[in-house]
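Asker: let's see this in three dimensions:
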Amino acid sequence: TALDKAAALLHAGKLRQAETVLRTATQANPNSEAVHAALGKVLFKRQRYEDAVQELGLAVQINPNSRENSLLLSEALIGWEHFGVAVDFLHAVQDKFGTYPEFHYDLGLAYYSENKIKEAKPEFQEAVRLAHSLDRAQFLLAACIAAQGDYAQAADIFRKLVKDHPTNATYWATLAQMLTHMGSEDLPEAAAACRRARALKPHDPH
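Answerer: Numbers count the residues shown, from 1 in each chain. Prediction:
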């Protein structure tokens with residue numbers, strides 16, 4: 001089937017060919033949730049967020065109860081920088097999907113992207129409460145805490161993140177940033193974190 005062929009192409013990293021197969025399939029099956037959703041995912045991976053929103057929106061219209069498609073639609077809206085629309089959409093589906101950590105992560109990300117730290121922070125807290133292993137939510141929760149001026153608490157979260165994800169250079173670099181805000185006694189640890197980040201990603205300008 002077209003879906004199987006597209007999945008194989010996607011697995012092989014041939015996103016453009018997968019898109020072509022799925023576009024043909026949407027013309028043949030315009031009412032297929034699975035085809036619109038698959039095309040939306042490919043477009044999302046290609047960072048063509050406006051087109052992804054269109055396809056995922058069609059999939060959600062056909063089946064409003066799909067959590068995967070609804071949350072990916074919200075992420076595509078965020079990628080397209082339609083943050084307010086993403087917030088409104090997520091509030092509209094909160095009764096269906098509000099018990100899932102990914103829902104709160106996406107809502108927090110939409111608020112955070114609007115620089116609404118006060119609204120974003122409790123969403124990331126709820127995402128972390130529901131899924132302790134959701135490191136992206138921990139990262140942005142720490143960023144919210146730092147934005148509110150509590151660098152020590154943010155640094156504690158980043159210390160845990162680098163312990164759990166020791167090969168993530170971004171976490172090491174951001175830990176260093178938190179520590180530099182805290183005072184001269186924390187600078188040796190900050191320098192060590194910087195060196196660790198640089199060793200992991202020597203060509204990263206950050």
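Asker: helix, strand, or coil at Pro30?
Answerer: coil (DSSP: H, G, I helix; E, B strand; the rest coil).
Asker: what pLDDT, on average, does the strand or helix carrying Ser70 get?
Answerer: Using DSSP states H and E, Ser70 maps to helix 67-79. In this model, helix 67-79 has a mean pLDDT of 98.
Asker: how far does that helix sit from the chain's center?
Answerer: Relative to its parent chain, helix 67-79 has a centroid offset of 10 Å by Cα atoms, centre = their mean, to the nearest Å.
Asker: give me the mean pLDDT for the helix or strand that it is followed by.
Answerer: Next helix or strand after helix 67-79 toward the C-terminus (DSSP H and E): helix 83-92. Taken as a whole, helix 83-92 has a mean pLDDT of 98.
Asker: what is helix 83-92 packed up against?
Answerer: helix 67-79, helix 101-113 (3 or more Cβ pairs under 8 Å, 6 or more residues apart in numbering; DSSP states H and E). In short, each C-beta sits where N, CA and C put it, glycine included.
Asker: same question for stretch 60-77: list its buried residues.
Answerer: Buried residues in stretch 60-77, defined by neighbour count with 16 or more other Cβ atoms under 10 Å: 60, 62, 66, 69-77.
Asker: hmm, who's touching the lowest-mean-pLDDT helix or strand in the chain?
Answerer: The least trusted helix or strand in the chain, going by mean pLDDT, DSSP states H and E, turns out to be helix 2-11, with a mean of 90. For helix 2-11, the external contacting residues (Cβ atoms under 8 Å, 6 or more residues apart in numbering) are 15, 17-18, 21-22, 24-25, 28, 34-35, 38, 41-42, 45.
Asker: can you put the helices and strands packed on helix 83-92 in JSON lines and add distance to Ala120?
Answerer: Output for these, formatted as JSON lines (distance: least, Cβ to Cβ, whole Å):
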{"stretch": "helix 67-79", "distance to Ala120": "12"}
{"stretch": "helix 101-113", "distance to Ala120": "4"}
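Asker: tell me the gap between the least confident helix or strand of the chain and the middle of its chain.
Answerer: 24 Å.
Asker: dump it to PDB, restricted to CA.
Answerer: Output of helix 2-11 as PDB, limited to C-alpha atoms (Å, rounded to 0.1, in the frame of the first residue of the first chain):
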ATOM      1  CA  ALA A   2       0.900   3.700  -0.300                       C
ATOM      2  CA  LEU A   3       1.300   3.900   3.500                       C
ATOM      3  CA  ASP A   4       3.700   1.000   3.600                       C
ATOM      4  CA  LYS A   5       5.700   2.300   0.700                       C
ATOM      5  CA  ALA A   6       5.900   5.800   2.300                       C
ATOM      6  CA  ALA A   7       6.900   4.300   5.700                       C
ATOM      7  CA  ALA A   8       9.800   2.400   4.000                       C
ATOM      8  CA  LEU A   9      10.900   5.600   2.200                       C
ATOM      9  CA  LEU A  10      10.700   7.500   5.500                       C
ATOM     10  CA  HIS A  11      12.700   4.800   7.300                       C
END
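Asker: for Gly79, which non-adjacent residue is spatially closest?
Answerer: Spatially, and ignoring its direct neighbours in sequence, Gly79 is nearest to Tyr49 (3.7 Å; Cβ to Cβ, 6 or more residues apart in numbering).
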